[in-house]
Structures are given as C-alpha cells and as structure tokens.
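Peer 1: Fold the following, please.
(2 chains)
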Amino acid sequence: MNIVETHELTKRYGDLAAVDHVSLTVRRGEVYGFLGPNGAGKTTTLRMLLGLVRATSGRATVLGQPPGAPTGLARIGALVEGPGFYPYLSGRANLRVLARYGRHDDVAVEAALELVDLTDRASDRYKSYSLGMKQRLGVAAALLGQPDLLILDEPTNGLDPAGMADMRDLIRTLADHGQTVLLSSHLLGEVQQICDRVGVISAGRLLTESTVAELRGEASLLIRADPLPAARSVAERIVGSAQVSTVDGMLRLATGGERAAELTRALVLADVAVLEVRPEERTLEDAFFEMTHEGATS
Amino acid sequence: MIASLRAELMRLGRWPTTWVLGGTWLLLNLTFGYVFNYLSYRSADGTTVGPPTGATKQILLQEMMPANAPVTLVQGLPMFGGALVLILGAVAVGSGYGWGTWKTVFTTGPRRITGMGGTLGALGVILVGLVAATFVLDLAASYTVAAVESQSVTWPGFVDSVQGLGAALLICGMWLAAGVLLGTLTRGPALAVGLGLVWSLVVENLLRGVANMLGPLEAVTDVLPGTAAGSLAGALGALTQGDPNGTPGVTTTITGTAAVALLGAYLIAFLVASLTLTARRDVTS
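Peer 2: I've put the predicted structure just below:
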C-alpha cells in the first residue's frame, strides 16, 4: 500500500490554480522529496494532505484515510510552513501541550527533544529561541509518538550548515527505521543526498515523479585531447558515433567512468595527447532547472 | 475532548495574559465595589471630598454588606467585567492564528471541533474560577467592612448566591463567546479586541442614546447583548446607570427572564458560529 496517493488533486483560488491536477504517490519507508520553486504549490499540496486546506477537486488518501481524518493524523507528524508554538511557553512545555493533544506521555517529549538536540535549551521560552532552534522544535513536535509518516515542509530552513547536516542524518535514520518521510525543499543538493524519489512541481503542476538517479539521467565522460578530430574518431570506434559529441572543445561521451581506462589506452596508442579525462554527472539541479524551465515555457 | 481540554488548560493556565486579565478584573471589582464606596462612605467624617448625604450613606453601607455580595458580583459585569472576558476570548483564540498554533494543533490528531472545544472548555473552567474568586473576594471584602463598621453580619441567602453566580456566569459567558467569535472571524487578536471593545463600551451606548430620539430603533437596542447583560444585573437588584450610585451598563430595559433567554441565545449562537467556522474554513496560517 502506498502511504500517500493523490489523484488529480487541485486547489483553485479564483482563477488561479495553486495546485493543478497533481497525482503523486509516496511509498512506505521512502524519503520522498517534493521539489519546486517558491510559489509552485508545494505547501498548498502538503496542507491539503493534512486536511488544513480543502481540495477544489481530485482526491487523496494518506495512510489509507482521507486527509484530515483523526485516525490518519494520529499517525502523522507534520511541520508545515514554519513552526507554530506558544511564544510564552518553554520548548518543553510547548511539546507537552501538543503531547496532551496527541495523547502521548512526557517520555515521548523528552525523546523528541533528544533527537533534535534541544534538551539543554528545552526549559527556555520559545520566543527566546533562534530561527534554527525554532525549526528543530518544530521537527521535534512532528516526531512526537514516532509517527508512521512525517510531512516536513522545508525542514532545514534557518539551520546552520552543521544543523542541516544533522537534520539530513536524522531524516535518513528515521527512514532507515521504517518511517516514511515526505519533505518539500528547494535545496536540491539536500534532496539529492537524502531522497529516494522526488516529485517536481512547477506552477501547480507535477512535472515528473521518479528516482533521483532517473531524474539526473546517465553519467557521461569528458575528454580533452589533442588533436581533437583524431581523438573523436578513436572514441567513436570504441563507444559508437551516436554516443560522442563535441562540447566547448572537449569530447562528451555518453558512457560511464568505467570505460575511462580503455579509452585512454586507445587514445594514447593512436598517438593522441590526452590532457584530461573526467566523469561528468548531471546534478539534480541541472535536471530541475531544465524541467522547470520547460514547464514554465510550455 | 478531555485530551484537548487538558492541553488547553495547561497552555492557558501558564499564559500571563490569563492572569493579568483575571487579576485586573478582581482589582476593578474590589476597587469599584468596595474601596471607592467605603472611601465615599467615610467622607462624611471629612476625610474625603464630596460627602454623601445621610440617605445615600446608608445605601452605600448596605451595598457593602455581605448580604449584597451577589449583587456586587454582577453589577460590574455587563460593561467592564464583560469587556475583560471578551478580551480573554478574543486573544485566546485569535492569537493562535498569528502564532500558527491552530495549524499545529489541527495536525496533531483531534478533530478541529474537538480542538476548539478544548479551548472553549478551558476558557469555561477559567471563567468559573474567576467568577468564584470574585464572589469569595466580595464576601471577604464585605465581611471586612461589616467588621470595621461594627455591623451585624448577614450572609447572602443560598438562592440569592446561586442567582448571582449563575447570572455572572451567563453574562461573562456571553461576552467571552463574543470574543471567541471575533477572534475566529478576524484570525487575530488585535482587530478582534478593538472591535469588541468599541462595540461593548461605545457602540451600544451610542445606539441606546440614538434610540431615545428614534423610537423604532429601540426595538433593536432592547435586544442587544449589552442590554441583555445589563438587564439581568438590574433584575438582580444592581442600581442602574441613571441612579446616583448606579453602575454603567446596568439597566432595567427588559425583564430578568427575557434577559436570561436572550443571553443564552447569544451565547449559543456565538459558540455555534465559532465552531462551525473553525471546522469548515481553510487554515492557511
């Protein structure tokens, strides 16, 4: 069973389609990255999945329940569009209030504080927290009671580099322990590091849904050599002419780094000076910009 | 509902605003119900300005006796006490939209109506505590006055006490619910408090003034929330606004029974509207 399924989910504000016929699936135990530029419809989609916002049309199920159903929400931990806490209460007291709402005990509160490394400052008032600490408390609230599904909207917002790395590790650990994570982000490097699959949304429409590897496409090999025509004929003989192109005075071969030694040897034997051989991997960022640009212009 | 009530009692109980508003009301009640009256009463000895006549002096003393505590309890509620609990209702609900805590609560598990019900229940508990504390304070203050002035102490009757406490809860409950509705409608504390205070302290009085010149308008002003609250206090014996020792907001425009019915109707209407709106609207902040 998929943990999250949406079918043609749509939210309109007047003539504006904030979310436009989005159909996505999140599988059990995976970290699913929901990617998109600002205003693409990520947060609105997450709000619909949590029942905070009603869909104009389409349908969705979360943990087999309609969005917002108490039995479903009891198994979901969420942090959507920034943390929302009582400023006059301490971090610990805030979590205790939420623990009472969710019928968790105070042991769960301490465990959640420990996970986000906030135990030392848990007695301080929330309003005295830095942006990063507020964000970590928001994640702690989402972790209360070890929910089956975590929905995290930009979870590393406001965190310093060390905090971001810790958060990535935490999310991966949670997934390794069987929790499913649906996170939205515009930090592509972060998504590339921790997500199993991604959905790319732009202008309210889901452009693609695939694994990170599929989205990045095949790796290629760049060769700088002299003379270039001789090098090209050698390369075409080995990997096929369709796999070779010339880019900025270099050869780009649609093949992985595993053929680098064979190609280098052949070039040297053909009396070609090999100046540089390196693998080139398309980053998620390249794929993302390509897609969102196409999405915007189509 | 019990889980939501426990959660809300915890967070409202630790909120300084709750204690500031409650403390302010207790202080106002004591000051206007006893301190100023006692100073005025003692002014006949030449210790303060504006000595009362012999007749009003006797009335002042009777107002401060323990038997009159149920009336003292309700006399300040139609306008001032009501305004303070209206603020409490407005900020308790409205602030949640600014802080984003409604969003957090509504994704924690309970149905929206249950979460909001927890807030209303906790506010109700606070209100009962506040009314009870006010009554105890009034009894203590009146006993002190009686002892200082060597008056015989006659405690209020059971029926009078129950009527006073019930009326106080109904008046405050109505204004509290009005605040909750305003906080829900405006999704914030500032506008809700502003509108509520302007209505309860200014607009109703202005409308009543205009109604004296425009007869048909009287039918409307007679059923306004403030009129109903003031009429219930008046029906229990509180001196009306026009009386030399009267309290602003107290009136005898409609009967006590009609006032109870009207206040109950307002209370239910405000709560139902708040719950319905909370359950149905999109939560975007």
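
Peer 1: Excluding chain neighbours, what is closest to residue 127?
Peer 2: Picked chain A for this. Ranked by C-beta to C-beta, 6 or more residues apart in numbering or on different chains and with sequence neighbours excluded, the top spatial neighbour of residue A:127 is residue A:87, at 3.8 Å. Every C-beta, even on glycine, is put in place using the N, C-alpha and C of the backbone.

Peer 1: that's the wrong chain, I wanted chain B
Peer 2: Among residues not flanking residue B:127 along the chain, residue B:172 sits closest, at 5.5 Å (C-beta to C-beta, 6+ apart).

Peer 1: What are the boundaries of the strands in the stretch 101-250 of chain A?
Peer 2: Ranges of strands in the stretch 101-250 of chain A, per DSSP state E, counting those that start in this stretch, are A:149-153, A:180-185, A:197-202, A:205-211, A:220-226, A:244-247, A:250-253.

Peer 1: Go ahead and produce PDB holding the CA coordinates of the last one.
Peer 2: Extracted C-alpha coordinates of strand A:250-253, given in PDB (Å, rounded to 0.1, in the frame of the first residue of the first chain):
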ATOM      1  CA  MET A 250      36.000  18.700 -25.400                       C
ATOM      2  CA  LEU A 251      34.500  15.300 -26.200                       C
ATOM      3  CA  ARG A 252      31.500  14.200 -24.300                       C
ATOM      4  CA  LEU A 253      30.900  10.500 -24.300                       C
END
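
Peer 1: pull the helix or strand with minimum mean pLDDT from chain A.
Peer 2: Scoring the helices and strands of chain A by mean pLDDT, DSSP states H and E places helix A:284-297 at the bottom, with a mean of 67.

Peer 1: which SSE is residue B:143 in?
Peer 2: Using DSSP states H and E, residue B:143 sits in helix B:112-148.

Peer 1: Helix B:112-148 and the helix or strand following that helix, what's the angle between them?
Peer 2: Where DSSP H and E defines the elements, the next helix or strand beyond helix B:112-148 is helix B:158-186. Angle, helix B:158-186 to helix B:112-148, by axes from the mean of the first three to the mean of the last three C-alpha atoms, to 10 degrees: 140 degrees.

Peer 1: what sits against the residue nearest to residue B:127?
Peer 2: B:77, B:81-82, B:85, B:127, B:130-131 (C-beta atoms under 8 Å, 6 or more residues apart in numbering or on different chains).

Peer 1: For chain B, give me its nearest residue in the stretch 151-298 of chain A.
Peer 2: Proximity of the stretch 151-298 of chain A to chain B (C-beta to the nearest C-beta) peaks at residue A:151, 8.2 Å away.

Peer 1: Spatially, which residue comes closest to that residue, not counting chain neighbours?
Peer 2: residue A:78 (4.4 Å).

Peer 1: part of a strand, is that neighbour?
Peer 2: Yes - residue state for residue A:78 (DSSP: H, G, I helix; E, B strand; the rest coil) corresponds to a strand.

Peer 1: State the number of residues packed around it.
Peer 2: By other C-beta atoms under 10 Å in any protein chain shown, the residues close to residue A:78 number 25.

Peer 1: Look up how far residue B:102 lies from it.
Peer 2: 13 Å (C-beta to C-beta, to the nearest Å).

Peer 1: swap in residue A:46?
Peer 2: Here residue A:46 is placed at a distance of 16 Å from residue B:102 (C-beta to C-beta).

Peer 1: In the stretch 51-200 of chain B, which residue sits nearest chain A?
Peer 2: residue B:100 (2.6 Å).

Peer 1: pLDDT score assigned to that residue?
Peer 2: You'll see residue B:100 listed with a pLDDT of 93.

Peer 1: and what of residue B:55?
Peer 2: Residue B:55 carries a pLDDT value of 61.

Peer 1: Tell me how far the nearest residue to residue B:224 once chain neighbours are set aside lies from residue B:270.
Peer 2: Spatial nearest neighbour of residue B:224, chain neighbours left out: residue B:204 (5.3 Å); criterion: C-beta to C-beta, 6+ apart. Distance of residue B:204 to residue B:270, computed by C-beta to C-beta: 16 Å.
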